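[1] Sequence plus the predicted model coming up.
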Amino acid sequence: MRENLNRDTPIADELLIDDDSPAAAPVSGRARTLLLLLGLVLVGLNLRPALSSLAPVLGMVSADAGLSPAQAGLLTTLPVACLGIFGPLAPHLARRLGSEKTIALVLVILAIGTALRTQLGMFGLYAGSALAGAAIGVTGVLLPGIVKRDFAGRAGLMTGVYTMALCLGAALAAGLTVPLAERFGHDWRPALALWSLPALLALAAWWPQLDTRHAAGQGQWQVRGLLRDPLAWQVTLFMGLQSSLAYIVFGWLPSILIDRGLTPLQGGWMLSLSTMVQVPASLLVPMLAHRCRDQRPPIACTLLMVIAGLLGMLYAPADSLILWAALLGFGQGGLFSTALSLLAHRSPDQHVAAHLSGMAQGAGYMLASLGPLAVGVIRGHSHAAWPLALLFTAIAVSAFFVGMLAGRKRLVGVRAAAI
C-alpha cells in the first residue's frame, strides 16, 4: 500500500478508502472486468434519481399531500441529512458483510424507499425519502473504494466513468419525471415509483459480484485527534457549504423556476441541463487545478460561477436561463470535484484521507441539509426572489472564506498508526 498520496495524480486516484478494506484477488478475465464495470455504472446511475426526481413534481406532491412549504423543505432535506447520518456506517457494514454484499443490500433498500414514497401518504413520503437517503449515503462511501481496489491502475478513468454515470442518473430523473407524470394522467406517484426499477436493474447487474473472493485484510489503522484539528474542520465546513448549494439546486430549482413562469417540464429540463454540464466540469477543473499552487484559485472561480448562476436563475430574462443553468452546472461540477480533492491534498497519507473523508461527508452533509430546509422555510413566508438571493449569497460567501482557509497548501496535524 502507498504510505503517501501522490500530489500529482488526479483526485479520483486519491479517493478515499482505508487500508482495512480487503485487497482484491486478480481479476479473472475480461468477462469479470466487464461485469464489474457494468455493475459500477448501473449502481452509479442510482445515486441521484431519488433526489433529483422529486424536485420537478414537488408542487404536485405538495398539493396532493397537503404539505406546507416548510414541510416540503423538510422532505427535500431529509434524504440529504440521511447521507450524513448513515454514510459513516458504511465501513462498519463492509467489515461485517463485505463491500459487495453491503451494496447489494442497500440497493434493495433504495428500491423499497423510492417506491415507498408513493404509498402510505405522508408517512410513506418521509420514510421512503429517509430510506433512499440512507442507501445512497452508504453506497456513495463504498463505491470509490471498490474502484480504487479493483482498478488500481485505472482509478482515474474508472472514477470518471462512475462520476459521469452519477450525473447522468440525476439528469435523466430531473428531465423525465414530469413527462412520465403526464403520461400517467398527471399522477406523480407512478412517475416517482418507476425510479425504483433502475435500482433493481443495478442489483441484477451487481449480483455476480457477490461471488467475488478477496484476500485477507491488510490491517487496520487508527487516526486520533482529527476532531481537534482546525484544518480538518475547515475542510468539513467547506464540503458542507458547497454541498448545501448543490442540494438546494437538486431540491428547489424547478420550483423556483416555476414561480418565474416556467412549466414543470421546463423547470425539470433546466435542472437536467445544469446537471449534465457538471460532467465535463468535474473532469476539466481538476486538470486545470493541477497547474495552480494550491486549491484556492479553483475554489474562487467555481464559487463565482455558482453564485452567478444561482442569481441568474432568480433574475435573468427567461430566454437566457439556459446559459445561466449551464454556468451554474459547470461551477457546481468543478466545485464538487475541488472539494473532493481537498480530502486528499490536506492529508499526509491515505489512512488519514479516509478518516477525513468520513468526517467531511458525515458532518458536512448534515450541514448541507440545512440549505434545502431554509429554502422551504423562506418560501413558506414569501415567494419573492430577494430572500433566496440573500440566502444563496450568504452560503457562497461563507464557503469562500472557509475555502480560502481549507485551500491553502497545508496538511492536517494528525497521523495514522497501525493497530
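    Ah, there it is.
[2] for the stretch 101-250 of the chain, what spans make up the helices?
    Counting by DSSP state H, counting those that start in this stretch, the stretch 101-250 of the chain has helices at residues 121-150, 155-183, 188-193, 197-206, 230-259.
[3] Quick one: mean pLDDT for the fourth one?
    Read it as helix 197-206. Within the predicted structure, the mean pLDDT of helix 197-206 is 93.
[4] swap in the second one?
    Taken as a whole, helix 155-183 has a mean pLDDT of 80.
[5] Check which helices and strands that helix is in contact with.
    Applying 3 or more Cβ pairs under 8 Å, 6 or more residues apart in numbering; DSSP states H and E, we find helix 155-183 packed against helix 29-45, helix 49-52, helix 121-150, helix 188-193, helix 264-289. Every C-beta, even on glycine, is put in place using the N, C-alpha and C of the backbone.
[6] right, so those: which one is the most enclosed?
    Ranked by average neighbour count under the criterion mean count of other Cβ atoms under 10 Å, the helices and strands packed on helix 155-183 are headed by helix 49-52 at a mean of 27.
[7] Any idea how far the very next helix or strand once past that helix is from the middle of the chain?
    As assigned by DSSP states H and E, the chain's next helix or strand after helix 49-52 is helix 58-65. Offset of helix 58-65 from its chain centre (Cα atoms, centre = their mean, to the nearest Å): 25 Å.
[8] Same question for stretch 383-392.
    With Cα atoms, centre = their mean, you get 24 Å for stretch 383-392.
[9] do the same with stretch 398-413
    On the basis of Cα atoms, centre = their mean, stretch 398-413 is displaced by 21 Å from the centre of the chain it belongs to.
[10] what bits of this protein have low per-residue confidence?
    1-29, 145, 148, 152-160, 212-223, 350-351, 354, 416-419 (pLDDT under 70).
[11] Correct me if wrong: residue 139 contacts residue 45.
    No: with contact defined as Cβ atoms under 8 Å, residue 139 does not reach residue 45; the gap is 11.3 Å.
[12] Same list, the helices of the stretch 101-250 of the chain, but as CSV with distance to residue 343 please.
    Converted to CSV, the helices of the stretch 101-250 of the chain look like this (distance: least, Cβ to Cβ, whole Å):
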stretch, distance to residue 343
helix 121-150, 10
helix 155-183, 13
helix 188-193, 33
helix 197-206, 26
helix 230-259, 7
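[13] which residues touch the nearest residue to residue 202 once chain neighbours are set aside?
    Spatial nearest neighbour of residue 202, chain neighbours left out: residue 42 (3.9 Å); criterion: Cβ to Cβ, 6 or more residues apart in numbering. Counting by Cβ atoms under 8 Å, 6 or more residues apart in numbering, residue 42 makes contact with 165, 198, 201-202, 205-206.
[14] Quick check: of those residues, which has the highest neighbour count?
    residue 202 (27 neighbours; other Cβ atoms under 10 Å).
[15] Next up, the contacts around that one.
    Contacts of residue 202 (Cβ under 8 Å, 6+ apart): 39, 42-43, 45-46, 107.
[16] What of residue 56?
    Residue 56 sits in contact with 174, 177-178, 254, 264-265, 267-268, 271, where contact means Cβ under 8 Å, 6+ apart.
[17] Arrange those residues in JSON lines, one row each, with distance to residue 113 as further columns.
    Shown next, in JSON lines, are these (distance: Cβ to Cβ, whole Å):
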{"residue": "174", "distance to residue 113": "19"}
{"residue": "177", "distance to residue 113": "16"}
{"residue": "178", "distance to residue 113": "21"}
{"residue": "254", "distance to residue 113": "21"}
{"residue": "264", "distance to residue 113": "23"}
{"residue": "265", "distance to residue 113": "26"}
{"residue": "267", "distance to residue 113": "24"}
{"residue": "268", "distance to residue 113": "21"}
{"residue": "271", "distance to residue 113": "21"}
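[18] And residue 204, how far from residue 196?
    As judged by Cβ to Cβ, to the nearest Å, residue 204 and residue 196 stand 13 Å apart.
[19] should've said residue 181
    Residue 181 is 15 Å from residue 196, by Cβ to Cβ.
[20] closest one to residue 55 among the helices of the stretch 101-250 of the chain?
    helix 230-259 (4.8 Å; Cβ to Cβ).
[21] Run the chain-centre distance for that closest one.
    For helix 230-259 - counting by Cα atoms, centre = their mean - the centre lies 10 Å from the chain centre.
[22] Check which residues of it are buried.
    231-259 (16 or more other Cβ atoms under 10 Å).
[23] before we move on, what about stretch 305-316?
    305-314, 316.
[24] from those, which is closest to residue 86?
    residue 306 (26.8 Å).
[25] which strands and helices sit next to the helix or strand harbouring the closest one?
    Assessed by DSSP H and E, residue 306 sits inside helix 296-315. Counting contacts by 3+ Cβ pairs under 8 Å, 6+ apart, helix 296-315 is packed against helix 230-259, helix 264-289, helix 321-345, helix 385-406.
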